[in-house]
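after the sequence you'll find the predicted model.
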Amino acid sequence: MINHIGTNSIETIRLILRRFKEEDTYDMHKNWASDKESLKFLSWGPYSDMGVTKGRIGTWIRQYDDKKVYNWAIYLKSIKEVIGQISVEISSDKEKSCEIGYCIGKEFWGREIVLEALRAVMHYLSSEVGYEKIIARHDVQNTASGRVMQKAGMKFQKRLLNVGHRRDGSLYDVDVYVKYYKEVK
Ligand SMILES: CC(C)(COP(=O)(O)OP(=O)(O)OC[C@H]1O[C@@H](n2cnc3c(N)ncnc32)[C@H](O)[C@@H]1OP(=O)(O)O)[C@@H](O)C(=O)NCCC(=O)NCCS
């Protein structure tokens, strides 16, 4: 059974994963929402106007009333800043499955920070919420994201061709990774 508990804080060695607050606007804007490179493989932004970032956080805050929403700010304890986001993007209670997306600012890449966040979130979603299938997908060109999925113990499942258009108009393929928490019959 899925037991929805909403977005509660999770602490790891270097991070606190917690709900977004309005005060995170500056950090989010500076660290990733205004940065083209950080968002290269994402479908939104970059925002030049901090008011847009603020609006996005406001929407997320209102969504927290819904216990089916899982959307964490990634807070790096050493610098006391929010440096990214990890969230459930799509889910199915019937299939007991959910799909995770994540992003951190490029200044923080290469330190296995997303891996630390992903492992903690996968544990939360499987052990506490009860999802039995956790999915993640990445543009085939975004091999760094694929490495994070592999290191988190997810297995390559399939490549989907021509799923959408990149910012430059080119078509892209995605690799889908899955981790099962219950033996598949
Ligand atoms: C992709 C992303 C999630 C990786 O997170 P991370 O915390 O940097 O991941 P890791 O430190 O575990 O590194 C993963 C891989 O990135 C590559 N990498 C390492 N340092 C890097 C750097 N400075 N710049 C680019 N890539 C780097 C390496 O290939 C590494 O694999 P390895 O551990 O086998 O050497 C992060 O770069 C990011 O948030 N990117 C922007 C948003 C995004 O693309 N999200 C995913 C959408 S599917």
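Received the coordinates, thanks.

for the rest of this, base every contact and every neighbour count on C-alpha atoms.
Fine.

sticking with the residue lying closest to residue 71 once chain neighbours are set aside, tell me its helix or strand.
Nearest residue to residue 71 in three dimensions, chain neighbours excluded: residue 87, at 4.1 Å (CA to CA, 6 or more residues apart in numbering). Using DSSP states H and E, residue 87 sits within strand 81-92.

on that earlier part again, the residue nearest to residue 71: neighbour count?
19 (other CA atoms under 10 Å).

just the strands in this protein please.
Assigned by DSSP state E, the strands in the chain fall at 10-11, 15-18, 71-76, 81-92, 97-104, 133-139, 155-165, 171-180.

any regions of the chain where pLDDT drops low?
Scanning the chain with the threshold set as pLDDT under 70 gives 183-185.

contact residues of the chain facing the ligand?
Residues of the chain found near the ligand (CA under 6 Å from any ligand atom) are 38-39, 41, 102-104, 109-115, 137-138, 144-145, 147-148.

tell me, how many neighbours does residue 144 end up with?
By other CA under 10 Å, 13 other residues sit near residue 144.

against residue 114, how distant is the residue nearest to residue 71?
Distance, residue 87 to residue 114, by CA to CA, to the nearest Å: 12 Å.

stretch 91-109: which residues count as buried?
Of the residues in stretch 91-109, 91, 96-106 count as buried by neighbour count, 16 or more other CA atoms under 10 Å.

same check, this time on stretch 46-57
Within stretch 46-57, the residues that qualify as buried by neighbour count (16+ other CA under 10 Å) are 46, 50, 52-54, 57.
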